[in-house]
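J.: Please work out how this folds:
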Amino acid sequence: MTKDLEKVKLLARDLREGKQFPRSPRQILAGYVLAARAVDKCRAVLVGREGEYHSNCPLDQRWLKFAEIDYEDFRSFVATGAPDDELVAWIDEHAKKRLRAEIIAWNNKERDLHLSDLPLELQEYMEDYIQQFIPRNRVVHHWFDVYDLEEERI
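T.: Coordinates of the predicted model:
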């Protein structure tokens, strides 16, 4: 695979200082929640526009682990400058083959996760994160709410 960071720059969101945000963790790409957000963060990191965002963070790792996709392989393909439609085809080819119903069930489980469902170390991290970044009058019902509230989608 040939790296083409000029093409990546054309696709990458600028995640520095709240200029833009990665897509919601709820948004579907290649049939999976979390995948579109992982792509946005990976592109931004590749071209130095990540700001405070991280690629291959625990959120991204949940999707990569379920899909059984190696992060370095994923990152290498994103670095080619492939647009979303080509990424969908690549994910379809490289992800573990699962029944559509199994993927839907996993997506729904991820969407429904409460903070109390997370590993203890992540709960502890989110406790401080929410205090710092979520407006005090907003209630977090699900883990994905944290990102959608902070990034002003809800």
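
J.: The lowest-mean-pLDDT helix or strand in the chain - contacts with which helices or strands?
T.: One helix or strand of the chain scores below all others by mean pLDDT, DSSP states H and E: helix 120-133, with a mean of 92. Under the contact criterion of 3 or more Cβ pairs under 8 Å, 6 or more residues apart in numbering; DSSP states H and E, helix 120-133 touches helix 143-150. Where you see a C-beta, it was placed from the backbone N, CA and C, and this is true even at glycine.

J.: Mind giving me the packing neighbours of the helix it packs on?
T.: helix 120-133.

J.: Next, the angle helix 143-150 makes with the helix it packs on.
T.: 20 degrees (axes from the mean of the first three to the mean of the last three Cα atoms, to 10 degrees).

J.: Same question for helix 120-133: list its buried residues.
T.: By neighbour count on 16 or more other Cβ atoms under 10 Å, the buried set for helix 120-133 is 126, 130.

J.: Ok, stretch 102-122 next?
T.: Neighbour-count burial for stretch 102-122, with 16+ other Cβ under 10 Å as criterion, is recorded at 103, 106-107, 110, 115, 118.

J.: Tell me the span between the first and last residue of that stretch.
T.: End-to-end span of stretch 102-122 (Cα to Cα, to the nearest Å): 25 Å.

J.: Can we start the residue count at 14 from this point?
T.: Got it, first residue is 14 now, which makes that one stretch 115-135.
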